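In: no sequence for this one, just the structure:
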């Protein structure tokens, strides 16, 4: 496969003879499969050869690649054999892509779980594996919990047996003084989960999770943030165009605004999940169960433009990068980024700029059109109608009809 990109016999011999050589042809095939241009693939193929010689010089192996050390080496690199040169964009990304390829074929252990980095503390790596294997946690939950765990280790030291309640509480108060209510609530959950994990394994004092204070908040106390119908129209109009990127963005926004999907739902959505004959859409959301939602005509029209341009594979997704590698977003963050860019393009300024504001918008629009709360709960896939009742506060006109005058204070 290397012959597709290189013709010189000496170059081919050098690439196949190095430590990375046994996997170079397969890596070249993966670059071609993912749609990289030949010029880019050539640069990405030179990077693994450099990486292999670097690991060999340090006594390392391809089973445990430390990219941070390699990137540090690139700053002053003068390797005569690897021909790597100084650090540059293509060398860095080529090394990352090669490491990802080795992970996929089971050669490299680093990164087997999403977002795991070799430089993470060992306790955090073990915690990630435990969350995935024993709790069945989704990737966003794993990233959230491990972030709080890493901060705690950096603040209190890497020996949890020496931690005490005062230190844990002080770290929490110092951290929450620099963040909002939502972040503070998530930090409570992540820190308590990590401390319970350490306690179960005997790596810290029992009941140390109780040192994390409860964070006072009132559920459903604020008003839902949503866009007006005029703003939604502007948002969709801002994605006009025939380029694959604009068509993808328009379909994503319509799925979010019309059906109230979560960002993660859209990221996981496949072309095969659209049932054109019945006009429905299969969605796998929270709780790992699937539901079928009605597919509005305008949403179906936009999705069909992606379907006609997507690969024939049933795993092709409705949301993917517009440049190589042509793969779906890894998680909902990429979908939220699409919405943020579209809002900026349309000149829409709101307190909330991510994908979830369109979920709120869909709920409030259904409410304004007289859809009962229990039906809205079915569309949004809420487990209880109490959660859906949060949106009733957005219907101010209806609330005015039942509002009573405030009684005058008695003398």
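Out: Everything's here; your move. Because the structure is predicted, anything quoted here is derived from the model rather than measured.
In: Pull out the buried residues from the helix or strand hosting residue 254.
Out: Assigned by DSSP states H and E, residue 254 belongs to helix 244-259. Within helix 244-259, the residues scored as buried using 16 or more other CB atoms under 10 Å are 244, 246-259. To be clear about C-beta, it is placed using only N, CA and C from the backbone, and glycine gets the same treatment.
In: between these, which is closest to residue 144?
Out: Taking CB to CB as the measure, residue 144 lies nearest residue 256 of those, at 21.5 Å.
In: what sits up against the helix holding residue 254?
Out: Here helix 244-259 makes contact (CB atoms under 8 Å, 6 or more residues apart in numbering) with 227, 232, 235-236, 239-241, 261, 263, 266, 269, 281, 293, 296, 298-299, 302-303, 305-306, 309, 318-320, 322, 335, 338-339, 341-342, 355, 358-359, 361-362, 379.
In: Mark which of those residues are part of helices, please.
Out: 232, 235-236, 263, 266, 298-299, 302-303, 305-306, 309, 335, 338-339, 341-342, 358-359, 361-362, 379 (DSSP state H).
In: Nearest to residue 176 among the buried residues of helix 244-259?
Out: residue 256 (30.4 Å).
In: Relative to residue 335, how far out is the closest one?
Out: Per CB to CB, to the nearest Å, residue 256 is found 8 Å from residue 335.
In: Also residue 33?
Out: 24 Å.
In: The two: which is more packed in?
Out: Set side by side, residue 33 and residue 335 show more neighbours around residue 335, with 28 against 11, by other CB atoms under 10 Å.
In: In contact with that one, which residues are there?
Out: Taking CB under 8 Å, 6+ apart as the test, what residue 335 contacts is 252, 256, 263, 264, 266, 267, 319, 329, 355.
In: burial count for the nearest residue to residue 203 once chain neighbours are set aside?
Out: Of all residues not flanking residue 203 in the chain, residue 160 sits nearest, at 5.0 Å (CB to CB, 6 or more residues apart in numbering). Neighbour count of residue 160, defined by other CB under 10 Å: 20.
In: change the start of the numbering to 2 and stick with it
Out: From this message on, residue numbering opens at 2, which makes the last subject residue 161.
In: Could you double-check that residue 161 sits in contact with residue 122?
Out: No - counting by CB atoms under 8 Å, residue 161 stays clear of residue 122, with 10.7 Å between them.
In: quick one: secondary structure of the spatially closest residue to residue 100 that is not a sequence neighbour?
Out: Of all residues not flanking residue 100 in the chain, residue 66 sits nearest, at 5.1 Å (CB to CB, 6+ apart). Three-state assignment for residue 66 (DSSP: H, G, I helix; E, B strand; the rest coil): coil.
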